[in-house]
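[1] What follows is a predicted protein model with its sequence.
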Amino acid sequence: SQELEQSPQSLIVQEGKNLTINCTSSKTLYGLYWYKQKYGEGLIFLMMLQKGGEEKSHEKITAKLDEKKQQSSLHITASQPSHAGIYLCGADSTGTASKLTFGTGTRLQVTL
Amino acid sequence: KAGVTQTPRYLIKTRGQQVTLSCSPISGHRSVSWYQQTPGQGLQFLFEYFSETQRNKGNFPGRFSGRQFSNSRSEMNVSTLELGDSALYLCASSWTGANLNEKLFFGSGTQLSVL
């Protein structure tokens, strides 16, 4: 079965600093999803990457997919307190969106 | 457009009891998936329903079951509750669940505590 490893497990950054979260898969990535979760709440969709080398940005968040390395990275520029939460990567080994395997998550704290 | 609605938000049960959780997907979405989230195991896939049929299943014991109704609303049931079933149960919906580029929309979850 597919496994996703995220690093780091937790991160504390000062407001205004940049940060990167990595997600590495044990198998070929057909699609990679990034979600954000506030503690005890549901997941909010951030981005979905399908093709190797694909890069997407939304506001101050950029995600890239390196198909050869079976890895994705999520980069936040000029972090803000609103970026705090748990970031989860998810992937599907069946080629559909119906059964995702998720990484262990990266807990991000942004200090003032 | 209303999001994915899960009820109840919080639930406290004792060992041996059974519990039913409900999920109403976004209007028009026909695929509903269920996930269990615990601090130790993270977020794990339980099962997925489409057109009232279970289409995918995760590695959970038979005590975990679900169903989907004709209006796409879904319920999951856990029988003979164990302490380890304490978790946040999340429901997600999508149009068909059959295309890789479909987004999964998650509900806020049901926090189940088993005492």
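    Noted; the coordinates are in hand. Note that the coordinates shown come from a computational prediction; the quantities given were computed from them, not determined experimentally.
[2] C-alpha from now on. contacts and neighbour counts both.
    OK.
[3] Give me the distance between A:Ser1 and A:Leu88.
    Separation of A:Ser1 from A:Leu88 (Cα to Cα, to the nearest Å) stands at 18 Å.
[4] what residue ranges in chain B score low on pLDDT?
    For chain B, applying pLDDT under 70 flags the ranges B:1, B:100.
[5] how about the residues of it near chain A?
    Within chain B, the positions near chain A by Cα under 8 Å from any Cα of the partner chain are B:31, B:33, B:41-45, B:47-48, B:56, B:88, B:90, B:97-109, B:111.
[6] follow-up on the earlier one: A:Ser1 and A:Leu88: which has the busier surroundings?
    Higher neighbour count among A:Ser1 and A:Leu88: A:Leu88, with 27 against 6, using other Cα atoms under 10 Å in any protein chain shown.
[7] Grab the nearest non-local neighbour of that one.
    Closest residue to A:Leu88 apart from its sequence neighbours, by Cα to Cα, 6 or more residues apart in numbering or on different chains: A:Gly105 at 4.6 Å.
[8] list the contacts for B:Thr5?
    By Cα atoms under 8 Å, 6 or more residues apart in numbering or on different chains, the contact list for B:Thr5 reads B:Cys23, B:Ser24, B:Pro25, B:Gly107, B:Ser108.
[9] one step back: wait, doesn't the residue nearest to A:Leu88 sit right on A:Gly85?
    No. Applying Cα atoms under 8 Å as the test, A:Gly105 and A:Gly85 come out as separate, 9.8 Å apart.
[10] Of the two, which one has the most company?
    Using other Cα under 10 Å as the criterion, A:Gly105 and A:Gly85 rank with A:Gly105 on top: 27 against 17.
[11] residue boundaries of the strands in the chain?
    If you meant another chain, say so; for now it's chain A. Counting by DSSP state E, chain A has strands at residues A:4-7, A:10-14, A:19-25, A:32-37, A:43-49, A:55-58, A:61-66, A:71-76, A:85-91, A:101-102, A:106-111.
[12] my bad, chain B
    Taking DSSP E, the strands of chain B run over residues B:5-7, B:10-13, B:19-24, B:31-38, B:42-50, B:53-57, B:64-68, B:74-78, B:87-94, B:105-106, B:110-114.
[13] packing partners for the third one?
    Helices and strands touching strand B:19-24, by 3 or more Cα pairs under 8 Å, 6 or more residues apart in numbering or on different chains; DSSP states H and E, are strand B:5-7, strand B:74-78.
[14] Parallel or antiparallel, list what pairs with the last one.
    Each strand that strand B:74-78 pairs with, and the sense of that pairing, follows from DSSP bridges: strand B:19-24 (antiparallel), strand B:64-68 (antiparallel).
[15] Quick check: residues of chain A near chain B?
    A:30-31, A:40-45, A:48, A:50, A:95-105.
[16] Only the buried subset of these, as a ChimeraX command please.
    In ChimeraX, this line selects whichever of these come out buried by 16 or more other Cα atoms under 10 Å in any protein chain shown:
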select /A:30,31,41,42,43,44,45,48,50,95,96,97,98,99,100,101,102,103,104,105
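[17] For residue 108, the count of nearby residues, please.
    By default, I'm working from chain A. If you count neighbours by other Cα under 10 Å, A:Leu108 ends up with 20.
[18] oops, chain B please
    Neighbourhood size, B:Ser108 [other Cα under 10 Å]: 23.
[19] try B:Ala98
    By other Cα under 10 Å, 16 other residues sit near B:Ala98.
[20] Same question for B:Thr20.
    Per other Cα under 10 Å, the neighbour tally for B:Thr20 reads 14.
[21] tally of neighbours for the nearest residue to it once chain neighbours are set aside?
    Excluding the flanking residues, the one nearest B:Thr20 by Cα to Cα, 6+ apart is B:Asn77, at 4.4 Å. By the criterion of other Cα under 10 Å, B:Asn77 has 14 neighbours.
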